[in-house]
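Undergrad: The following comprises the amino acid sequence and a computationally predicted model.
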Amino acid sequence: MSFYFASQIAKNPNKRSHYIGLAASLTAAVATHLVGIMLLPSIFLFLLLSMPHPQKLLFRKIILSLVIPSIVFIVAYYFIMPAYVRSRTAATWWMPPVTGDLIGKVGAYLVGLPSIEWSFSVFEKYGMVVAVAAMALLCLMFAIFAGSLLAGNWRRSYPLLVAALCHCSLLIGYSFFKVPIFGERTALPALIPLIGFMGVQVATIKIPKIQMASIGALLVISMNITFTWITDKAWIPVERTRDMAKTLQLWKHPHDTVIFYPFYFSGPIRYYYPDLPVEDEIGINIWAIPKETERIKRIFQETSPSIVFLVARCEPETEDYKYIRRLLISEIGPEALVQGDNNLTITRYRKTKKYPSAHKKVRVNKLLLAK
């Protein structure tokens, strides 16, 4: 909605309702997800480039449309959001750091390149030749479409491309300097101006044959991506929370302790496992590990659990997560992986029986014989 109203402002900058719609949609964006604030610079840059010589009055209207969502974000972030959320760092956050491979993976996801691999796997059962031919056809369609974009009117479409790149650049920059937030889901808002850029480029191609080839390639690509999504991707959850909850329900016995790392991951698990007793649950605040370790030790002294399940949603390489695992091994016993799926894991810690020493065993045997 934000990009829609921004495009309407660029088309008809004198209509007041477009500015009201832009302010309302951006306010909804920043009020529902922290990453929504990244839209403000992207929208502003798009409008600035779409209207090379905006009048001062129009410029003030644009600024005013961005002020209201900015105020809402500041109030929500600094006065409503808990302090530990603002103080999170790369060492205590569960998302992976930004690398060249991750940027390439997200970029490929946005333009639909994974659908080529899926098509190859589908046609592979009919023979390697068929699978390779299908993959070659899709690669050719991507090449034709990408090449035909060069023939479009860049002057009209480049603000949309810049807006998409701006959103991703802000995510990457924040991930480098503060905490990792760059990923497939947070980058999805960039897909809107990216699709707009592709559409405008194709629509402004002046050579009919190139335009028809571009439209044909786009149809093939779109149909393949849509078919892939409907048949293979849409029904698969991004995170297998339900499977994790069902596994925990099968393995957990009465009075077994369940530790959630971080604590807020208990919400999705409890959604599929509502009968999980609250008294058996311990949530870990990953932003206050030193205090949390002391609290866990005290709870273990009071309850003396024999079996503890650690349900974690994090990167296994996180130092604090490794520290919690070592703590549980020392306090409870050896660990055993129950279920793992990327960054979701269930690990069981079980107390081992402490057998008496050899000298005590002899004394016990003698007493038994005497009896």
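TA: It's in. Numbers count the residues shown, from 1 in each chain.
Undergrad: Can you report how many residues lie near the nearest residue to Leu110 once chain neighbours are set aside?
TA: Nearest residue to Leu110, sequence neighbours excluded (CB to CB, 6 or more residues apart in numbering): Leu191, at 5.5 Å. Just so you know, the C-beta spots here come from the backbone N, C-alpha and C atoms, and that holds for glycine as well. Leu191: 15 surrounding residues under other CB atoms under 10 Å.
Undergrad: thinking Pro334 is in contact with Tyr349, fair?
TA: Yes - with contacts counted by CB atoms under 8 Å, Pro334 reaches Tyr349, the gap being 7.2 Å.
Undergrad: who's more crowded, those two?
TA: Using other CB under 10 Å as the criterion, Pro334 and Tyr349 rank with Tyr349 on top: 22 against 11.
Undergrad: My reading is that that one lies in a strand. Confirm?
TA: Yes - when classified by DSSP: H, G, I helix; E, B strand; the rest coil, Tyr349 is found to be part of a strand.
Undergrad: what's next to stretch 155-166, contact-wise?
TA: With contacts defined as CB atoms under 8 Å, 6 or more residues apart in numbering, stretch 155-166 is touched by 3, 10, 41-43, 45-46, 49-50, 190-194, 196-197, 200-201, 204.
Undergrad: Give me the below-cutoff pLDDT ranges for the chain.
TA: Residue ranges of the chain with pLDDT under 70: 52-57, 90-92, 316-317, 353-371.
Undergrad: tell me the domain ranges of it?
TA: The record's domain parsing of the chain by automatic domain parsing lists 1-87, 90-236, 241-350.
Undergrad: Can you give me the distance of Glu279 to Pro262?
TA: Using CB to CB, to the nearest Å, we find Glu279 at a distance of 20 Å from Pro262.
Undergrad: Compare these two and say which is more crowded by neighbours.
TA: The neighbour count for Glu279 versus Pro262, taken as other CB under 10 Å, is higher for Pro262 (21 against 7).
Undergrad: Verify the stated contact: the more buried one with Cys314.
TA: Yes - using CB under 8 Å, Pro262 makes contact with Cys314 at a distance of 7.3 Å.
Undergrad: and for the two, which residues touch both?
TA: In contact with both Pro262 and Cys314: Trp94, Ile286, using CB under 8 Å, 6+ apart.
Undergrad: about what we covered before: tell me which of the contacts of stretch 155-166 fall in helices.
TA: 3, 10, 41-43, 45-46, 49-50, 191-194, 196-197, 200-201 (DSSP state H).
Undergrad: Now, of these, which are buried?
TA: Buried members of the ones in helices among the contacts of stretch 155-166, scored by 16 or more other CB atoms under 10 Å, are 3, 10, 42-43, 45-46, 49-50, 192-194, 196-197, 200-201.
Undergrad: biggest separation within those residues, which pair?
TA: Farthest apart among those by CB to CB are Ile43 and Gln201. That separation is 20.4 Å.
Undergrad: for the most centrally placed residue in the chain, helix, strand, or coil?
TA: Central residue of the chain (CA atoms, centre = their mean): Arg185, 4.7 Å from the mean position. Here Arg185 is coil, with the state taken from three-state DSSP.
Undergrad: shouldn't it be in contact with Val238?
TA: Yes - at 7.3 Å, Arg185 counts as touching Val238 under the criterion of CB under 8 Å.
Undergrad: picking up where we left off before, tell me the contacts of the residue nearest to the centre of the chain?
TA: Val238.
Undergrad: ok, for Arg325, nearest residue in space, not its chain neighbours?
TA: Using CB to CB, 6+ apart, the nearest residue to Arg325 is Glu335, at 6.5 Å.
Undergrad: If you could redo that for Pro69, that was the one I meant.
TA: Leu26 (3.9 Å).
Undergrad: same question, Cys166
TA: Ser42 (4.5 Å).
Undergrad: pull the CA atoms of the helix of greatest length in the chain into PDB?
TA: Ordering each helix of the chain by length in residues (DSSP H) puts helix 154-177 first. Output of helix 154-177 as PDB, limited to C-alpha atoms (Å, rounded to 0.1, in the frame of the first residue of the first chain):
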ATOM      1  CA  TRP A 154      15.300   3.300 -17.600                       C
ATOM      2  CA  ARG A 155      14.500   6.900 -16.900                       C
ATOM      3  CA  ARG A 156      10.900   5.900 -15.900                       C
ATOM      4  CA  SER A 157      11.700   2.700 -14.000                       C
ATOM      5  CA  TYR A 158      15.000   3.200 -12.200                       C
ATOM      6  CA  PRO A 159      13.500   4.900  -9.200                       C
ATOM      7  CA  LEU A 160      11.700   1.600  -8.400                       C
ATOM      8  CA  LEU A 161      15.000  -0.400  -8.700                       C
ATOM      9  CA  VAL A 162      16.700   2.200  -6.500                       C
ATOM     10  CA  ALA A 163      14.000   1.800  -3.900                       C
ATOM     11  CA  ALA A 164      14.400  -2.000  -3.800                       C
ATOM     12  CA  LEU A 165      18.200  -1.700  -3.500                       C
ATOM     13  CA  CYS A 166      17.800   0.900  -0.800                       C
ATOM     14  CA  HIS A 167      15.600  -1.400   1.400                       C
ATOM     15  CA  CYS A 168      18.100  -4.300   1.100                       C
ATOM     16  CA  SER A 169      21.100  -2.000   1.600                       C
ATOM     17  CA  LEU A 170      19.500  -0.700   4.900                       C
ATOM     18  CA  LEU A 171      18.900  -4.200   6.100                       C
ATOM     19  CA  ILE A 172      22.500  -5.200   5.300                       C
ATOM     20  CA  GLY A 173      23.900  -2.100   6.900                       C
ATOM     21  CA  TYR A 174      21.900  -2.600  10.100                       C
ATOM     22  CA  SER A 175      23.000  -6.200  10.100                       C
ATOM     23  CA  PHE A 176      26.700  -5.200   9.900                       C
ATOM     24  CA  PHE A 177      26.600  -2.400  12.500                       C
END
